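Student: Attaching a predicted model along with its sequence, questions to come.
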Amino acid sequence: MGEILKLENVSYTYGAGTPFEKTAVKDINLTFNSGDFVAIIGHTGSGKSTLVQHFNALLPPTSGKVYINGEDINQSPATRRAARFACGLVFQYPEYQLFEETVFLDIAYGPKNMGLDEIEVKRRVLNAAEAVGIDALTLEKSPFDLSGGQKRRVAIAGIIAMEPEILVLDEPMAGLDPQGREEILEMIRNYHDRHKTTIILVTHSMEDAAKMANRIVVMCDSQVLLDGTPSEIFARHEVLTKSGLDVPQITSVLIELKNRGYDVDTSVYTIEGAKEQLMRLRGKL
Amino acid sequence: MEKVIRTEKLTFTYSADEARSFALKKVSLEIEKGSFVAVLGHNGSGKSTFAKHLNGILLPSEGKVYSYGFDTSDPENLINIRRNVGMVFQNPDNQLVATVVEEDVAFAPENMGVPSEEIRKKVDDALKTVGMEKFVKHAPHMLSGGQKQRIAIAGILAMEPNVLVMDEPTAMLDPVGRKEVMATIKRLNKENGITVILITHHMDEAAQADRIVVINAGEVTHDGTPREVFSHRQELLDIGLAVPQTVEILDELGLKDVALTVDECCDILEKYLKG
Amino acid sequence: MIKDITLGQFFPGNTYMHKLDPRVKLVICFAFIIVLFVTEGIIPYALAALFIVLGVKVSKTNPKMLLKSLKPIMFLVLFTSILNIFYVEGEVLARFWIFKVTKEGLLTAFYMTSRIVMLVCATSLLMYTTSPIALTDALEHLLAPLNKIKFPVHEFSMMMTIAMRFIPTLIEETDKIMAAQKARGADFESGNIFARAKALIPILVPLFVSSFRRADELATAMECRLYQGGTGRTRLNVLKLTKNDYVFMVFCTIFFVIMIITSVVGI
């Protein structure tokens, strides 16, 4: 699998030269491989939301370079625009960006901006709607008549319809109930399995990150604190707690058991993993 | 025990013509003074509609709601009800009125016609209760989500209500903000004796209450202590809810116990491991 | 970040000027502007300039900030000055091609420029030293007599307060929506004026929708906090005139009277 997105010494400072000057990301070096499923986690203000806006050239780095497929994306307005389509970014609470008369037209907004012909736009809209589970009937409705969960799906479809090589989702589950969260996660996972699109999921939930990603990047104070597989990251739970992140409850349980002198592996983060371990341990004792 | 809220066969339909679209169906509940009740349900279950009935924002299509003894359907009672039953909403941005924290917290007492010196005292007390006394002169839009929500709570506390209804106060907050707000809510209940009704879909928040009422499709499906309610794991899953992982793991291992905290869970697991 | 820009350009401080009653500041500022427009002459305007300089000193305002606030109106000032210089009839001082410069023209241009510049300085000083909320309060008090002719003074000031409260929120929201639409390939920078206006629809529609939702939620929240209009309402911070306010008013009145006298006498 080849390198698809690369950040080289990227820093970004808001309001440089004013009293409100603030460095939001500092000297970031990251490489993402094609087909990866990466989670970026960090608490509010850790810089993760600013960071992802560099992936599609929405923010030009104050210093450093961003490459997609080896190409510097901040060379000209044209390369910036190309980056928007190569790397689709779904913002937090994306349902607030819906504006068209019908769901179909709203999903078609991105593809139309790409200058595609009508047939191709239609094909992409239908594919995207299918991917997020929006049926033909709903496509003709006004996006403002949908439920909160459906609106979110439509908004995600609006980005998927651009068929980006990289799909970045900023807190796509925020404000949803457990079932809603599960549905969105399931949808993203299916999309990844089917299209092998590189997915970057921004979240503050360790649990979701662990369930979904094969790699986790932990941001703290504008910098990358940890970078590795879920097990590697969870093994360093004390660093996570210190940076204001929560480990899943089940991991806390295992950590406590370990503190009580039981030989358990605390890098486990799923119920199944814990169950297996506990049953094995019981047999041994 | 004194009942601060009583609903009798509370039924509510959003559109009068479509008699079938019940948002709430014959909900009869009593809430005791000083208790901490979590109302749990997925989005669209009717839990927010229920909350909005408690201080007369919505009026029942059928049935009755008595808030602090007052019938909500009588417009004469509204002021008394709203004074006693305070309401905090999901989006902190959309409930703050003023450009300075102290002016915002003062809004309700000002509306009540309280003299200036007394307002000052109420504002200071309310801000201290939510731990935001250092932010008296700040502009709300410069605060974090959790801080804004605590200001919104202070704005309600300045009315000195007996009951606090919170309609998903943490839904838009990050984990840090959620913890801040939950700690504030618990303190209000335990230390200030305020009855708290918390509308939520977060299991870990509901687990901290004395009592959980589960609403699904406008009807109460479960009502009991967190321990009782969480023992029905499958039923909760069926209506789109989950149980805390501490409960889940014990159930997966075939244990009958329900653990609400990590410590409790470990105690039970220790016994399990020792056979 | 755009939301960090404070509205009304208020700079918190603790100077004599900051502590003055906002009503007094508002009235004095208004009076100053009237005096500026009824007087004419080198001495009166020198006095007016002195008045501004004193204001800057007392409020510890950075003079650079005043210059900054003058920037946007510089074009207007230059434009009217030039018109005045060339088009006012009178004693001709110089002449080239079809243009002639008259003494009266130069003077009118000078007075015009001085008036506008000092007007902007005075109002900027007021804005820099008075919080928006204090200004609204002052306005509500000063407009109170209009209640008699059924002008909804309280509602008007409540509207102002809410507007000030929500402007930063809406700016932040506009920012977010713009970024989100840009991520979908929206282009706000190229094309003719119609294309650009059309490109705004994806921003304006979501902004309106969310504003209505916010308005609805805010109204409910206000009702829950017992809001029933202005009657019977008390205030946390009551405006009270202090000795300082009286001293300031007397000082300014004397100053303004001297300006008028020097103008009338024609020095």
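Tutor: Received the coordinates, thanks. Residues are numbered from 1 along each chain as shown, chains lettered A, B, ... in the order given.

Student: and residue A:227, helix, strand or coil?
Tutor: At residue A:227 the chain is in strand, as set by DSSP: H, G, I helix; E, B strand; the rest coil.

Student: pretty sure it contacts residue A:218?
Tutor: Yes. If you go by C-beta atoms under 8 Å, residue A:227 and residue A:218 touch, sitting 7.2 Å apart. (Each C-beta comes from the backbone N, C-alpha and C, glycine too.)

Student: who has more neighbours, these two?
Tutor: Remark: of residue A:227 and residue A:218, residue A:218 carries more neighbours, 24 against 16, as counted by other C-beta atoms under 10 Å in any protein chain shown.

Student: give me the element that one is part of.
Tutor: Per DSSP states H and E, residue A:218 falls inside strand A:215-220.

Student: And the average pLDDT for that strand is what?
Tutor: For strand A:215-220, mean pLDDT rounds to 93.

Student: Please tell me how far the residue nearest to residue A:53 when sequence neighbours are not counted sits from residue A:50.
Tutor: Residue nearest to residue A:53 in three dimensions, not counting chain neighbours: residue A:59, with 4.4 Å by C-beta to C-beta, 6 or more residues apart in numbering or on different chains. From residue A:59 across to residue A:50, the span is 7 Å (C-beta to C-beta, to the nearest Å).

Student: and what of residue A:153?
Tutor: Relative to residue A:50, residue A:153 is positioned 26 Å away (C-beta to C-beta).

Student: How about residue A:271?
Tutor: Distance, residue A:271 to residue A:50, by C-beta to C-beta: 34 Å.

Student: Make sure residue B:213 is actually in contact with residue B:30.
Tutor: No. Using C-beta under 8 Å as the test, residue B:213 is too far from residue B:30 to be in contact (10.7 Å).

Student: out of those two, which sits in the busier spot?
Tutor: More crowded of residue B:213 and residue B:30, by other C-beta under 10 Å: residue B:213, with 24 against 12.

Student: close to chain B, is the strand holding residue A:218?
Tutor: No. Judged by C-beta under 8 Å from any C-beta of the partner chain, strand A:215-220 makes no contact with chain B; its nearest approach is 12.8 Å.

Student: what does stretch A:251-260 give?
Tutor: Yes. Residues of stretch A:251-260 contacting chain B under C-beta under 8 Å from any C-beta: A:252, A:253, A:256, A:257, A:260.

Student: and the residue in the stretch 51-200 of chain C that chain B sits nearest to, what element?
Tutor: Nearest to chain B in the stretch 51-200 of chain C, going by C-beta to the nearest C-beta, is residue C:168, at a distance of 4.3 Å. Element membership for residue C:168, per DSSP H and E: helix C:153-183.

Student: by contact count, what packs against that helix?
Tutor: With contacts taken as 3 or more C-beta pairs under 8 Å, 6 or more residues apart in numbering or on different chains; DSSP states H and E, helix C:153-183 sits against strand A:87-90, helix C:132-143, helix C:201-224.

Student: at 7 Å what do you get?
Tutor: On a contact count with 3 or more C-beta pairs under 7 Å, 6 or more residues apart in numbering or on different chains; DSSP states H and E, helix C:153-183 meets helix C:132-143, helix C:201-224.

Student: I'd like the C-alpha coordinates of the helix or strand just after the longest one written as PDB, please.
Tutor: Scanning the chain past helix C:201-224 towards its C-terminal end, the next helix or strand to appear is helix C:243-265 (assignment: DSSP H and E). Below are the C-alpha coordinates for helix C:243-265, written out as PDB (Å, rounded to 0.1, in the frame of the first residue of the first chain):
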ATOM      1  CA  LYS C 243     -20.000  63.200  41.600                       C
ATOM      2  CA  ASN C 244     -17.500  62.400  38.800                       C
ATOM      3  CA  ASP C 245     -20.400  62.400  36.300                       C
ATOM      4  CA  TYR C 246     -21.500  65.800  37.400                       C
ATOM      5  CA  VAL C 247     -18.000  67.200  37.300                       C
ATOM      6  CA  PHE C 248     -17.600  65.800  33.800                       C
ATOM      7  CA  MET C 249     -20.900  67.300  32.600                       C
ATOM      8  CA  VAL C 250     -20.100  70.800  34.000                       C
ATOM      9  CA  PHE C 251     -16.600  70.700  32.500                       C
ATOM     10  CA  CYS C 252     -17.900  69.700  29.100                       C
ATOM     11  CA  THR C 253     -20.700  72.200  29.100                       C
ATOM     12  CA  ILE C 254     -18.200  75.000  29.800                       C
ATOM     13  CA  PHE C 255     -15.900  73.700  27.100                       C
ATOM     14  CA  PHE C 256     -18.700  73.600  24.500                       C
ATOM     15  CA  VAL C 257     -20.000  77.100  25.500                       C
ATOM     16  CA  ILE C 258     -16.500  78.500  24.900                       C
ATOM     17  CA  MET C 259     -16.400  76.700  21.500                       C
ATOM     18  CA  ILE C 260     -19.700  78.300  20.500                       C
ATOM     19  CA  ILE C 261     -18.700  81.800  21.800                       C
ATOM     20  CA  THR C 262     -15.300  81.800  19.900                       C
ATOM     21  CA  SER C 263     -17.200  80.700  16.800                       C
ATOM     22  CA  VAL C 264     -19.800  83.400  17.100                       C
ATOM     23  CA  VAL C 265     -17.300  86.100  17.900                       C
END
